[in-house]
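**Q** below are the sequence and a predicted model; questions follow.
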Amino acid sequence: MTNVSPRAWFTGCVVTASALLLTSCTSGSGSANAHKTSSPPTASASQTTTTTQEKKLTDQAQAALAAVQGGTMIEAGAERVTDGIHTEPTLSQGKSYKLNLVCIGSGNARLTFTPASTGPKADVPCDQSVVQQRITAHKMPVRIDVDGVKGSTGVIAWQIDTI
């Protein structure tokens, strides 16, 4: 039996989940009422290139987060900048956590919390730098939103750790 560190296991899970998510988000599922065509649908070259680029950016973002030492991971993920991050993690009231964010692409994203007392608003540049934010859950539930600024593109990866 091989022992795998929790961080390595988590990174592998996130990479796999991200690949599945990106694949499911970009593949056409059709509908029961869709018009039939004489030839089967095929992925365009630009769609395939976009999927490959998103996977590469996701891998880079997750590697940047894996390089940051932290406590025990509570929740993590990766999303397109255009989709943003919208999560309500299960946090313990009165406890402090560290939110790590990295955006790879172009433009900026904006981090906000609800309630606002959880942590300060922050800009997240899409320049591969890791932004760390200390957050404290004062009231429940806590909502974390990271939205891309108009025209921004790329991938945002995030992780919440205990302190």
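**A** Great, that's in hand. Numbers count the residues shown, from 1 in each chain.
**Q** after the lowest-mean-pLDDT helix or strand in the chain, next one along is what?
**A** None of the helices or strands of the chain scores lower by mean pLDDT, DSSP states H and E than helix 6-26, at a mean of 47. The element immediately downstream of helix 6-26 (helix or strand, assigned by DSSP states H and E) is helix 45-66.
**Q** in terms of secondary structure, what does that following helix contact?
**A** The contact analysis (3 or more C-beta pairs under 8 Å, 6 or more residues apart in numbering; DSSP states H and E) places helix 45-66 against helix 6-26, strand 73-80, strand 96-114, strand 122-136, strand 153-162. All C-beta spots, glycine's among them, are computed from the backbone N, C-alpha and C.
**Q** got a list of contacts for stretch 78-90?
**A** 14, 18, 21, 54, 58, 61-62, 74-75, 77, 103, 105, 107, 109, 126, 141-148, 152-158, 160 (C-beta atoms under 8 Å, 6 or more residues apart in numbering).
**Q** hmm, try it at 6 Å
**A** 18, 58, 75, 105, 109, 141, 143-148, 152-158, 160 (C-beta atoms under 6 Å, 6 or more residues apart in numbering).
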